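Asker: Generate coordinates for the sequence data below:
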Amino acid sequence: MYSPWTGSDLHSQLPSAGVDTVVVTGDETDVCVLATVLGAVDWGFRVVLVTDAICGSADETHDSMMTIYMNPFPAGGVRDDGNPPRQLARRHPCERSAMTGSYLVQILLPKETGQGEKIPKDWFDSLVKEMTDKFGGATSFVRSPGEGLWRGDGGTERDNIAVIEVMTERLVPEYWRALRERLETELAQKEIVIRAQEIIPL
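Answerer: Next up is the predicted model:
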């Protein structure tokens, strides 16, 4: 769930407490932040977007959303309720706040779904393309997967693991958590491992 307004009565609790302004910060400029801002405007709240306390997982989408935020929303973000206009308040241009540096992110994937069905190559190709489009490149180890060993009730068990890697200068955990949850649902898996390692030049 990306919006705090969905499945809750937050829109009625805040006015009851005398709150008419929502200050928005957080991760994923084009997902969670967007859902929060739009919901607040729809419910008639004044919105203060703290631009140096939000971030996105990709510069291009982050910058595009900042352009939208810094320009009037439809109808200027105004709700005509007979009171002074309520608009999106503005602060300084965004100075991104995120984990910065260089990171190698690895997505460890099974070769079969939780129901024992083989995952088709097209599915892996689609995920590699998605990562390439978002991060500018991706490396896949699907044709020559790694081999996992672990101890089960029946002794040592084996499994083939496909790995997709991307490099990024900005690490946004919220994006990767959402991706992990999506993959777990798509592949009927209890847990998908996505891990990040900071790259230290030698």
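
Asker: Could you list the low-pLDDT ranges of the protein?
Answerer: Scanning the chain for pLDDT under 70 picks out 1, 71-101, 143-159, 202.

Asker: Now with 80, please.
Answerer: Flagging of the chain using pLDDT under 80 yields the residue ranges 1-2, 27, 50-53, 56-60, 66-101, 142-160, 200-202.

Asker: show me where it has helices.
Answerer: Per DSSP state H, the chain carries helices over the ranges 10-16, 32-42, 59-69, 121-135, 173-186.

Asker: And for the second one, what's in contact with it?
Answerer: Looking back up the chat, that one is helix 32-42. Applying CB atoms under 8 Å, 6 or more residues apart in numbering, the contact partners of helix 32-42 are 2-6, 11, 22, 24, 26-27, 47, 49, 54, 65, 69, 73, 77, 79, 88, 174. Heads up, the C-betas are built off the backbone N, CA and C, glycines and all.

Asker: who touches the residue nearest to the spatial centre of the chain in this structure?
Answerer: Closest residue to the average C-alpha location of the chain: Tyr175 at 2.5 Å, with CA atoms, centre = their mean. Contact analysis of Tyr175 by CB under 8 Å, 6+ apart lists Asp27, Glu28, Val31, Ser57.

Asker: Among the residues you listed, which one has the most neighbours?
Answerer: Using other CB atoms under 10 Å as the neighbour criterion, Ser57 leads those with 24 neighbours.

Asker: gap between Val105 and Phe124?
Answerer: 16 Å (CB to CB, to the nearest Å).

Asker: Does Lys121 touch Leu127 like I think?
Answerer: No: using CB atoms under 8 Å, Lys121 makes no contact with Leu127, being 10.9 Å away.

Asker: Between these two, point out the one with more neighbours.
Answerer: Leu127 (21 against 10).

Asker: show me what contacts the more buried one?
Answerer: Contacts of Leu127 (CB under 8 Å, 6+ apart): Ile107, Ile164.

Asker: switch the cut-off to 10 Å
Answerer: Ile107, Leu109, Ile119, Ala138, Ser140, Val142, Ala162, Ile164, Leu179, Leu183, Glu186 (CB atoms under 10 Å, 6 or more residues apart in numbering).

Asker: Just those residues: which are in strands?
Answerer: Ile107, Leu109, Ser140, Val142, Ala162, Ile164 (DSSP state E).

Asker: who wins for neighbours among these?
Answerer: Leu109 (24 neighbours).

Asker: partners of that one in the sheet?
Answerer: Counting by DSSP bridges, Leu109 forms beta bridges with Ala162.

Asker: Might one say that it is in contact with Glu191?
Answerer: No: the criterion here is CB atoms under 10 Å, and Leu109 misses it with Glu191 at 11.6 Å.
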